[in-house]
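Trainee: The sequence and its predicted three-dimensional model are supplied below.
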Amino acid sequence: MLTGLIAPFIGNKYWHWSQLVLVLSVVLAALGFIVLAAETVRVHHVLRAKLPKLESDINRLVVQNEQLLHGSGDKKGLLELEHQLKMLSRKRGRVWRGVQPAGKVDDQGVVQIEIAQPQPHGLEKNTIVYVFEAGEVNPTDPASGRQYLGEFRVVESVEGGATLEPVLLIDQRTGQRLVDSQGPWSLYETMPADQHELYAGLSEEQLRQLLPAESVDEYIRQGTPATPDDDEWHKIGLNENDERVGPENLDQAVKFLYDRPLRDYAYLFSELAQQRVVLQASQQAVTLDIAELAVALKSAKELSLFREKQKASLESDLTGMQGDRLAIETHRDLVLRQLAENKQKIDHLLARNAELADRLTKRQLGLLEYINSTAPAPGNNSLLSP
C-alpha cells in the first residue's frame, strides 16, 4: 500500500499523467477493499458472538411453540382449542352481536340494521339468521324480558349493515313486538341448540323463575332417578361404571335416570308457524261460516216471522172455516131432519094413497058388481058375436 502511494511521486517525472491516475485509482480501490474487508470481519465477529444465544432462544421458542400448538400438561394447545372452536362454531354458527335497528319496521316486517363489529361483517345476501334481543332476562318477570324476534332473510347487504325481511308472515303480535324492540340484537346463523349443560348449575328456585311452569319440572328432574311412570323416551340407562348404554343394551343397565328430551327450536318454530297458518285459515273459514250462518239465521227469522203471519192468517181462516163448517153442519142437520120428516110424510102419504087406491079399487069393483047385478041381460047375444 505504501509502495503504491510512493511510486507515483517517484515516477511523476517519467510517467504519463494517465498512468499516474490509473495507479492512484488502483491504490484507492485497494484501500477501500481493505476497509470493507475489515468491516466485514467485524460484523461477522459480532454476529457470530450472538449465535449461541440466538440458537438457545430459537430452541426455547420452538419448545414454546410446540407447547402452544399441542399443549402441555393440563393446558390445551391451539390445535385442540381450534378444534373446540370449530365444533362450537359448527354447533352454533356465526353470531353477530350488538346489532342495532337502523330504521322503522314497515308493514311487512322489513327492517334495516347496523352492524358495528366485525368489519366487514360478512353477512351475505340471502343468508338466514335468527334474531334475538340481547341482554339478561329479568328473573322476576321472564315474559317481559328479552325475546326471540323471529327468522329473517338478508335481502340486501351493504357496508356496515343489511336489510332483513321475515321468512314467515308476521301477525299483529309479532309485528308489534318487532316495532317495540329497541335493540341491541344478536343474530345467529344457526338456531341455538338446546343443551342439558345450559341449566346444569341452576337451582330449582332459579329454574322456576326462568322457565314456564308447564315445562319446568322436566328441567328440575334432569339426571334424577327415573320412575316407573316415565316412558322410554324420558330415561337413560347406566351400567355399573356410570357409563351410558345404548338402547340395544338396556339389559346391561343397573340404574335408570330421567333424561329430558332436547328440543329442536328451529323445527318447532317452523311447525308452530305452519299450525298457526292452518289455524288462521280455519279461523277465517269459521268466521266466514258464522257470517253466512248469520245471514241464513236472519233470513230464517224473517221467514219465521212471515210464517208466523201466515199461521195467524191461517188460524183466522181456520176460525172462519170452522164457523162456516158449524153453520153448514147445522144446516145439514136441519136438512137431514127435514128430509127424514118429509120421508116419513111421503111414506105416510104413500101408505095413505095405497090405502085409498085399495079402497077406490074395492069401491069400483063393488060398483061394477052392482052394475052387473042390476043391469038387464042382453036380448040377443048373437048381435054381440062377431
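Mentor: Done, it's in.
Trainee: I'd like to know which elements the helix or strand hosting L314 is packed against.
Mentor: Element membership for L314, per DSSP states H and E: helix 265-374. If you count contacts as 3 or more Cβ pairs under 8 Å, 6 or more residues apart in numbering; DSSP states H and E, helix 265-374 packs onto no helix or strand. Using the backbone N, CA and C atoms, a C-beta is placed for each residue, glycine as well.
Trainee: Show the average pLDDT along stretch 336-354.
Mentor: The average pLDDT within stretch 336-354 is 90.
Trainee: mind checking how far it is from the chain centre?
Mentor: In terms of Cα atoms, centre = their mean, to the nearest Å, the centre of stretch 336-354 is set 99 Å apart from its chain centre.
Trainee: What of stretch 173-193?
Mentor: How far stretch 173-193 lies from its chain's middle: 16 Å, per Cα atoms, centre = their mean.
Trainee: now swap in stretch 327-337 and tell me
Mentor: Worked out by Cα atoms, centre = their mean, stretch 327-337 lies 83 Å from the chain centre.
Trainee: show me where pLDDT drops low in the stretch 51-200 of the chain?
Mentor: Within the stretch 51-200 of the chain, the stretches with pLDDT under 70 are 86-92, 136-145.
Trainee: hey, where'd the strands end up in it?
Mentor: 71-72, 75-76, 95-101, 111-114, 128-133, 148-158, 161-166, 185-188 (DSSP state E, counting those that start in this stretch).
Trainee: if we look at the longest one, which residues are touching it?
Mentor: Under the contact criterion Cβ atoms under 8 Å, 6 or more residues apart in numbering, strand 148-158 has outside partners 109-110, 123-133, 162-168, 170, 174, 177-178, 181, 185, 266, 269.
Trainee: Around I115, count how many other residues there are.
Mentor: With neighbours defined by other Cβ atoms under 10 Å, the count for I115 comes to 24.
Trainee: Neighbours of P225, how many?
Mentor: 11.
Trainee: what's the helix or strand for the nearest residue to it once chain neighbours are set aside?
Mentor: Counting by Cβ to Cβ, 6 or more residues apart in numbering, P225 lies nearest to L257, which is 6.3 Å off, once chain neighbours are set aside. Assigned by DSSP H and E, L257 belongs to strand 255-258.
Trainee: May I have the beta-bridge partners of the residue nearest to P225?
Mentor: Per DSSP bridges, the residues bridged to L257 are P225, I236.
Trainee: That one and A200, how far apart?
Mentor: 14 Å (Cβ to Cβ, to the nearest Å).
Trainee: between the two, who's got more neighbours?
Mentor: The neighbour comparison of L257 against A200 (other Cβ under 10 Å) goes to L257, with 19 against 10.
Trainee: do you know how far that one is from N241?
Mentor: The value you get for L257 to N241, if Cβ to Cβ is used, is 14 Å.
Trainee: picking that back up, what angle do strand 128-133 and the helix holding L314 make with each other?
Mentor: 100 degrees (axes from the mean of the first three to the mean of the last three Cα atoms, to 10 degrees).
Trainee: What is the distance between helix 265-374 and the centre of its chain?
Mentor: Chain-centre distance of helix 265-374: 65 Å, with Cα atoms, centre = their mean.
Trainee: any idea what sits nearest the residue most central in space within the chain, other than its immediate chain neighbours?
Mentor: For the chain, the residue nearest the mean C-alpha position is A273 (0.8 Å; Cα atoms, centre = their mean). Among residues not flanking A273 along the chain, L168 sits closest, at 4.7 Å (Cβ to Cβ, 6+ apart).
Trainee: can you check Y265 too?
Mentor: M191 (5.3 Å).
Trainee: from what I can see the one you found touches I128, true?
Mentor: No: assessed by Cβ atoms under 8 Å, M191 is found out of contact with I128, at 9.6 Å.
Trainee: circling back: show me what contacts the residue nearest to Y265?
Mentor: Per Cβ under 8 Å, 6+ apart, neighbours of M191: 130, 264-266, 269.
Trainee: One more: R244?
Mentor: 236-238.
Trainee: Reformat those residues as CSV; add neighbour count and pLDDT.
Mentor: Shown next, in CSV, are the contacts of R244 (neighbours: other Cβ atoms under 10 Å; pLDDT from 0 to 100):
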residue, neighbour count, pLDDT
I236, 18, 86
G237, 21, 86
L238, 15, 86
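Trainee: okay, these in CSV with distance to Q280 next?
Mentor: Output for the contacts of R244, formatted as CSV (distance: Cβ to Cβ, whole Å):
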residue, distance to Q280
I236, 39
G237, 44
L238, 46
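Trainee: Could you single out the nearest of those to Q252?
Mentor: Taking Cβ to Cβ as the measure, G237 is the one of those closest to Q252, at 7.5 Å.
Trainee: Please tell me I have it right and that closest one contacts L250.
Mentor: Yes: counting by Cβ under 8 Å, L250 is a contact partner of G237 at 4.9 Å.
Trainee: what's the overlap in contacts for these two?
Mentor: In contact with both G237 and L250: no residue, using Cβ under 8 Å, 6+ apart.
Trainee: ok, the residue nearest to A273 touching Q275?
Mentor: No: contact criterion Cβ under 8 Å: L168 and Q275 do not qualify, at 11.8 Å.
Trainee: Next one: P192 from F269, what distance?
Mentor: For P192, the distance to F269 - Cβ to Cβ - is 12 Å.
Trainee: My error: substitute E355 in the last question.
Mentor: 119 Å.
Trainee: and if you look at N353?
Mentor: Taking Cβ to Cβ, one finds N353 at 115 Å from F269.
Trainee: S316 now?
Mentor: Distance from S316 to F269, by Cβ to Cβ: 68 Å.
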